[in-house]
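J.: Pasted the sequence and its predicted model underneath.
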Amino acid sequence: MPAQQGASMTASRLDAVQKSGVLRICTPGDYRPFSFQKADTSYEGIDVDLMTAFGGSLGAKPEWIKTTWANLLPDLAAGKCDMAVGGVSVTTDRQKRAFFSAPYMVNGKTPIARCADVAKYQTVEQIDKPEVRVIFNPGGSNERFARTNFKRAKLTLHGENVTIFDEILANRADVFVTESAEAITQQKLKPGLCAINPDKPLQYGEMAWMLPRDDVAFKAYVDQWLHLSQAGGEFQRTMDRWLK
């Protein structure tokens, strides 16, 4: 008798999404230009457009599940969604509990400040002074970067990523360190704010989509779709719509 096969293959979300016709996507929805929830509760951004196209390849429509940066990984791990997107930085801490897609953007940590103060905040050392008020949002890589790198500056946790930039304009904070793409986007939206050396970030970083751990078939499909989208030009057209 042939040796018995091991345990049956674990069911993949690749099959479940195709069967249900729904792709459940967790996102904080507060991070332009990746994913932003508008006043009418709909979403827009780079990842929103890409997920619509990706879902279409599986015959599925996106179902957006609002979360926070602190709950993004726990919600994915709990099975509340099939993917987590919206400007997610690749970190080893997250890798311990989830898979990442192949990275689709290099996007390092960049300060944003009032334009009049750009010369003052060129480096971590210049920012990390007792008189400098550093603001950050909770639960993600921005908080981790601030707490790791700024030991002397005055740190302020601000719960709303959408309004964090207004705190700088109102002179209630001096510097926010975030990904270069967000800093560039916000300087366009908020006159008076300037991204500081976004082409030379303070820390190297990559963006990717977060996927359920151990679902090898689903990750393989996501990576293959991303590769073909990049090679065929659709991916770059999406990027150009939001970043140029």
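T.: Cool, the structure landed.

J.: going forward, measure contacts and count neighbours with C-alpha atoms only.
T.: Noted.

J.: mind exporting stretch 169-176 as PDB, just the C-alpha atoms?
T.: Taking Å, rounded to 0.1, in the frame of the first residue of the first chain, the C-alpha atoms of stretch 169-176 are listed here in PDB:
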ATOM      1  CA  LEU A 169       0.700  74.000  10.800                       C
ATOM      2  CA  ALA A 170      -0.900  75.200  14.000                       C
ATOM      3  CA  ASN A 171       2.500  75.200  15.800                       C
ATOM      4  CA  ARG A 172       1.500  72.700  18.300                       C
ATOM      5  CA  ALA A 173       4.200  70.300  17.000                       C
ATOM      6  CA  ASP A 174       7.400  70.700  14.900                       C
ATOM      7  CA  VAL A 175       8.200  67.500  13.100                       C
ATOM      8  CA  PHE A 176       6.400  64.300  12.000                       C
END
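
J.: Buried residues in that stretch, which are they?
T.: Across stretch 169-176, burial judged by 16 or more other C-alpha atoms under 10 Å covers 169, 173, 174, 175, 176.

J.: and those, which of them are in strands?
T.: 175, 176 (DSSP state E).

J.: Widest-spaced pair of the buried residues of stretch 169-176?
T.: 169 and 176 (11.3 Å; C-alpha to C-alpha).

J.: Please list the residues outside stretch 75-91 that contact it.
T.: Contacts to stretch 75-91, defined as C-alpha atoms under 8 Å, 6 or more residues apart in numbering, come from residues 13, 23-29, 31, 34-36, 47-48, 65, 67, 72-73, 97-98, 100, 103, 141, 205-213.

J.: For the longest helix along the chain, buried residues please.
T.: Determined from DSSP state H, the single longest helix within the chain is helix 216-232. Across helix 216-232, burial judged by 16+ other C-alpha under 10 Å covers 216, 218, 219, 222, 223, 226, 229.

J.: again, but for stretch 50-57
T.: 50, 51, 53, 54, 55, 56.

J.: Excluding covalently adjacent residues, which one is nearest to the second one?
T.: Beyond its immediate neighbours in the sequence, the residue positioned closest to residue 51 (C-alpha to C-alpha, 6 or more residues apart in numbering) is residue 62, lying 6.9 Å away.

J.: Pairing partners for the host helix or strand of the one you found, with directions?
T.: Residue 62 belongs to strand 61-66 when assigned by DSSP states H and E. According to DSSP bridges, strand 61-66 has the following sheet partners: strand 22-27 (parallel).

J.: which SSE is the spatially most central residue of the chain in?
T.: When C-alpha atoms, centre = their mean is applied to the chain, the residue found nearest the centroid is residue 87 (1.6 Å). Assigned by DSSP H and E, residue 87 falls within no helix or strand.

J.: Would you map out the domains in the protein?
T.: Here the domain parsing of the chain from automatic domain parsing is 14-106+206-243, 109-195.

J.: next helix or strand past the strand holding residue 62?
T.: helix 72-77.

J.: Quick check: buried residues in that next one?
T.: 72, 73, 75, 76, 77.

J.: How about stretch 62-81?
T.: Under 16+ other C-alpha under 10 Å, the buried positions of stretch 62-81 are 62-64, 67-69, 71-73, 75-77, 81.
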